[in-house]
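Undergrad: sequence and computational prediction follow.
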Amino acid sequence: MRVILILWLIPVVFFWGWYGLSAYDINFGLFFLSRGFHDHIFQIYGSILHMPAEDVPIALAWIFGIDTLIVFGVAALRWYKHWLPQTYRYFKQLITRKPDRKYLEHRVENVLIRAGSLKSDSVGPVRPAE
């Protein structure tokens, strides 16, 4: 499974790294990181896909997003024996846990102390126009 994740991650990192650097023309003197090359590549993709070149990065983001969901879904199904029992125990513990009475009493006392410290004139006039 690690091999699949690595084989998925490498192209994603390379593409979005190239896209980010070339979109902002941070080229370090390399032609393939220049903005002109970036625009030319997306013109080619746009003509192949019969869509405007400006829409290609958005379509690629959707494609990479769906691909990511599929890869992580497969990984979750592959590793469910490790995370499912502890997730089940965690949610069961959340549902069956009773609130701590001492903590609740402390919170109520703090609210009452704060409410008593407020002065009625600190709120302001009832009608602001006065």
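TA: Great, that's in hand.
Undergrad: lowest average confidence, helix or strand, in this structure?
TA: With mean pLDDT, DSSP states H and E as the measure, the helix or strand of the chain carrying the lowest mean pLDDT is helix 101-117 (a mean of 76).
Undergrad: mind checking how far that helix is from the chain centre?
TA: Taking C-alpha atoms, centre = their mean, to the nearest Å, one finds the center of helix 101-117 at 36 Å from the center of the full chain.
Undergrad: could I have it exported to CSV, CA atoms only?
TA: Taking C-alpha atoms only, helix 101-117 is exported to CSV below (Å, rounded to 0.1, in the frame of the first residue of the first chain):
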residue,chain,number,x,y,z
ARG,A,101,-20.4,16.9,38.1
LYS,A,102,-17.5,18.7,39.8
TYR,A,103,-16.5,20.3,36.4
LEU,A,104,-20.1,21.4,35.7
GLU,A,105,-20.4,22.9,39.2
HIS,A,106,-17.2,24.9,38.7
ARG,A,107,-18.4,26.2,35.3
VAL,A,108,-21.8,27.3,36.8
GLU,A,109,-20.0,29.1,39.6
ASN,A,110,-17.7,30.9,37.1
VAL,A,111,-20.8,32.0,35.1
LEU,A,112,-22.6,33.3,38.2
ILE,A,113,-19.5,35.2,39.4
ARG,A,114,-19.1,36.9,36.0
ALA,A,115,-22.8,37.7,35.9
GLY,A,116,-22.6,39.3,39.4
SER,A,117,-19.6,41.4,38.4
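Undergrad: three-state assignment of His40?
TA: helix (DSSP: H, G, I helix; E, B strand; the rest coil).
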